[in-house]
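>>> got a structure for you, letters missing:
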C-alpha cells in the first residue's frame, strides 16, 4: 500500500480547511442531497464528501457507510487531492497503490473509486467521491457528471457560514 504523499502546500491547505469551520459539524441536508443523487446516478453503494485533515479523512456527507472518518494514511481521497483532475481506479486490486490497502482487502472491499478534488479558496480541502465493491469503467459522461457534482459541493462549502463558538 502506498501512503498518500503530503501536498507541497500542506500547511496552507490545512489552514484553509480549518477556516471553513466545517470539520466535526453535524450532517446537513444540502450535502446529503448531493451524495444521495450521486449514489442514484452512478448506481454505487458508497458516496462521500470527504475533508482531508492532518491525520484523518472526515466525511461531511456519507452514503452507504456507518462511519464518519478514517485514517488519512489509508484514504483514497488523500491521493485524489494531489490531482487536478479526477482520480479514477477501475480495480483497486490491480493498482499497486491500493491493492493491499485495508479497505480493499477488508471491508468495505473497495474495487472501483473515482474522486474529484473540492477546491475552496484556492486549496483542495477534500473530495467528492464514489466507490463500489466491484470493478467498473468510468466513461467521459461519468467524468463530467462527477465534476459537476463536485462543483455543486464546492459552492455549498464556499457558502458555509462560519460556526460561531463561545
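Arrived safely, thanks for sending. These numbers come from a predicted model, not from an experiment.
>>> can you pull the contacts of the residue most central in space within the chain?
Nearest to the mean C-alpha position of the chain, by C-alpha atoms, centre = their mean, lies residue 127 at 3.3 Å. For residue 127, the contacting residues are 48-50, 52, 77, 80-81, 115-118, 150, by C-beta atoms under 8 Å, 6 or more residues apart in numbering. Bear in mind the C-beta positions are built from the backbone N, C-alpha and C, glycine included.
>>> Next, it: secondary structure please.
Assigned with DSSP: H, G, I helix; E, B strand; the rest coil, residue 127 falls in the strand class.
>>> of all the contacts of residue 127, which comes closest to residue 60?
Residue 60 has its nearest neighbour among the contacts of residue 127 in residue 49, at 4.6 Å by C-beta to C-beta.
>>> longest helix in the protein, by residue count?
For the chain, the helix with the greatest residue count under DSSP state H is helix 140-158.
>>> one step back: list the ones among the contacts of residue 127 that fall in strands.
Applying DSSP state E to these, the entries found in strands are 48-50, 52, 115-118.
>>> re earlier: please report how far the residue nearest to the centre of the chain lies from residue 79.
Look at residue 127 and residue 79: by C-beta to C-beta, to the nearest Å, they are 9 Å apart.
>>> Next, residue 88: secondary structure please.
Using three-state DSSP, the structure places residue 88 in strand.
>>> any idea how far it lies from residue 146?
For residue 88, the distance to residue 146 - C-beta to C-beta - is 9 Å.
>>> shared neighbours, those two?
Common neighbours of residue 88 and residue 146 (criterion: C-beta under 8 Å, 6+ apart): residue 114.
>>> Comparing those two, which residue is more hemmed in?
residue 146 (23 against 17; other C-beta atoms under 10 Å).
>>> how many other residues sit next to the nearest residue to that one once chain neighbours are set aside?
Distance criterion C-beta to C-beta, 6 or more residues apart in numbering; nearest residue to residue 146, sequence neighbours excluded, is residue 116 at 5.2 Å. By other C-beta under 10 Å, 27 other residues sit near residue 116.
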